[in-house]
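Asks: I'll drop the sequence and a predicted model, then ask my questions.
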Amino acid sequence: MVKNYEPANRYLRYELTNSGTPGTETSHYIDLARDLSRVNRRLYRQGRDYHVKKITIVSSNTPNADNRISVSTIPNTWVSKMAWKRAFDTWNRMNREATEQIAGDIKGTWSDFKVYMTLDSRAATPLNPVDNGGNAFDAGMWTYSQLVSPDGTTSADTFDLHMLGAHSGSAGAWNSVGLINSYGESRATVQGADPNVPAVASDDPLVNVFDYGTTIDEVIDDLEGHNDFPPYDIDEYPGDESNGPKPCVVQDTTLVDGRATMAGFTAMCGLLEFEAKSPIANDTFSVLVELAPGKFRGVHAEAW
């Protein structure tokens with residue numbers, strides 16, 4: 001049975017130009033929510049998991065050898081989701097408290113919480129969707145969210161937000177704050193040893209009542225020292241300033257006979273980073289991103 005979804009342009013085409021130095025890998029950034037909003041003339045909120053069905057890449061002149069293209073996303077983990085939600089709640093509270101004394105709602109009709117993927121994506125110019133003639137779709141307003149803090153300054157410190165990696169700036173003069181890094185800095189962590197077994201447990205007289213050989217001692221020794229620490233770093237969260245600060249690769253391929261296809265994946269906040277290289281200077285790849293059909297204005301994009 002064919003589902004009756006809202007009509008939507010689910011196909012986003014981009015022209016990706018490689019480095020002017022042959023063989024050098026370059027990064028290119030895409031915000032699917034922004035671009036779906038642009039081509040469909042309605043708001044697609046960023047705070048969702050956007051399901052990419054397929055990506056097709058073509059080139060008219062790229063040789064088979066020494067080319068590569070990958071696509072990466074924010075890791076789709078509970079840490080990423082909780083860090084985003086904490087920032088979203090803070091942004092909402094800030095706006096609510098600032099407007100308590102105002103009669104009426106002054107929030108913009110298309111107000112939405114928007115973040116950058118990384119500091120690198122914040123500094124870059126994102127790719128724009130184009131038609132089959134290479135014409136970019138007209139842009140509207142897409143402003144990334146900011147927080148304002150009095151901490152460390154006599155006035156106000158306004159800063160951007162990005163998901164992965166370290167903060168930029170310092171107290172009173174933040175440029176952009178890493179949300180996963182901030183989440184890890186503010187949250188109590190797990191205990192170092194659980195349970196905290198005494199190291200001399202294997203020597204206890206009652207433990208050794210039935211130790212007719214050495215088996216009991218060896219078993220207790222194992223229990224003392226095995227798996228009483230978690231299988232992950234206690235202090236550093238995946239996606240903070242030192243533990244996987246870059247996006248996670250979800251698809252990786254090479255062009256053969258001028259063509260490659262990537263399978264589907266889920267992109268948190270609809271944010272993508274393409275990394276590409278070619279043996280040809282300024283080589284251009286045509287990238288077609290197909291979104292899966294679904295209930296959110298014609299595409300599959302789950303809220304959390």
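Replies: Good, I have the coordinates.

Asks: Tell me how this protein divides into domains.
Replies: Residue ranges for the domains of the chain, per automatic domain parsing: 11-92+117-141+241-303, 191-229.

Asks: Most tightly packed of the ones you listed?
Replies: Looking across the domains of the chain with neighbours counted as mean count of other C-beta atoms under 10 Å, the highest average goes to domain 11-92+117-141+241-303: a mean of 18. Quick note: C-beta positions are derived from backbone N, CA and C, even for glycine.

Asks: Show the average pLDDT along that domain.
Replies: Here the mean pLDDT over domain 11-92+117-141+241-303 is 97, rounded to a whole number.

Asks: Using JSON lines, lay out the domains of the chain together with distance to Lys3.
Replies: Below are the domains of the chain laid out as JSON lines (distance: least, C-beta to C-beta, whole Å):
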{"stretch": "domain 11-92+117-141+241-303", "distance to Lys3": "7"}
{"stretch": "domain 191-229", "distance to Lys3": "46"}
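
Asks: Compare these and give me the one nearest Ser176.
Replies: Closest approach to Ser176 among those (C-beta to C-beta): domain 11-92+117-141+241-303, 5.8 Å.

Asks: Compute the first-to-last residue distance for the closest one.
Replies: Using C-alpha to C-alpha, to the nearest Å, the gap from the first to the last residue of domain 11-92+117-141+241-303 comes to 21 Å.

Asks: repeat for stretch 145-156
Replies: Distance between the boundary residues of stretch 145-156 (C-alpha to C-alpha) amounts to 16 Å.

Asks: Enumerate the positions of it that are buried.
Replies: Within stretch 145-156, the residues that qualify as buried by neighbour count (16 or more other C-beta atoms under 10 Å) are 145, 149.

Asks: chain center to that stretch: distance?
Replies: Between the mean C-alpha point of stretch 145-156 and the mean C-alpha point of its chain there is a distance of 25 Å (C-alpha atoms, centre = their mean, to the nearest Å).

Asks: who's in contact with it?
Replies: By C-beta atoms under 8 Å, 6 or more residues apart in numbering, the surrounding residues in contact with stretch 145-156 are 87, 90-91, 94, 113-115, 157-161, 170-174, 177.

Asks: Counting only helices, which of these make the cut?
Replies: With helices identified by DSSP state H, the entries of these that belong to them are 87, 90-91, 94.

Asks: which of those residues lies closest to Asp235?
Replies: Minimum separation from Asp235 among the ones in helices among the contacts of stretch 145-156 (C-beta to C-beta) is found for Ala87, which lies at 20.8 Å.

Asks: hang on, isn't that closest one packed against Val115?
Replies: Yes - here Ala87 lies in contact with Val115, judged by C-beta atoms under 8 Å, at a distance of 7.1 Å.

Asks: list residues touching both of these two?
Replies: Listed as contacting both Ala87 and Val115 by C-beta under 8 Å, 6+ apart are 161, 179.

Asks: Grab the nearest non-local neighbour of the residue most central in space within the chain.
Replies: Nearest to the mean C-alpha position of the chain, by C-alpha atoms, centre = their mean, lies Ile74 at 1.9 Å. Nearest in space to Ile74, with sequence neighbours left out and distances taken as C-beta to C-beta, 6 or more residues apart in numbering, is Met268 at 4.3 Å.

Asks: And for Pro245?
Replies: The spatial neighbour of Pro245 that comes closest, neighbours along the chain excluded (C-beta to C-beta, 6+ apart), is Gly165 at 4.0 Å.

Asks: neighbouring contacts of stretch 126-138?
Replies: Outside of stretch 126-138, the residues that reach it under the criterion C-beta under 8 Å, 6+ apart are 12-16, 28-31, 34-35, 38-39, 139, 274.

Asks: hang on, the earlier thing: isn't the residue nearest to the centre of the chain up against Glu273?
Replies: No - counting by C-beta under 8 Å, Ile74 sits too far from Glu273 to count as a contact (9.5 Å).
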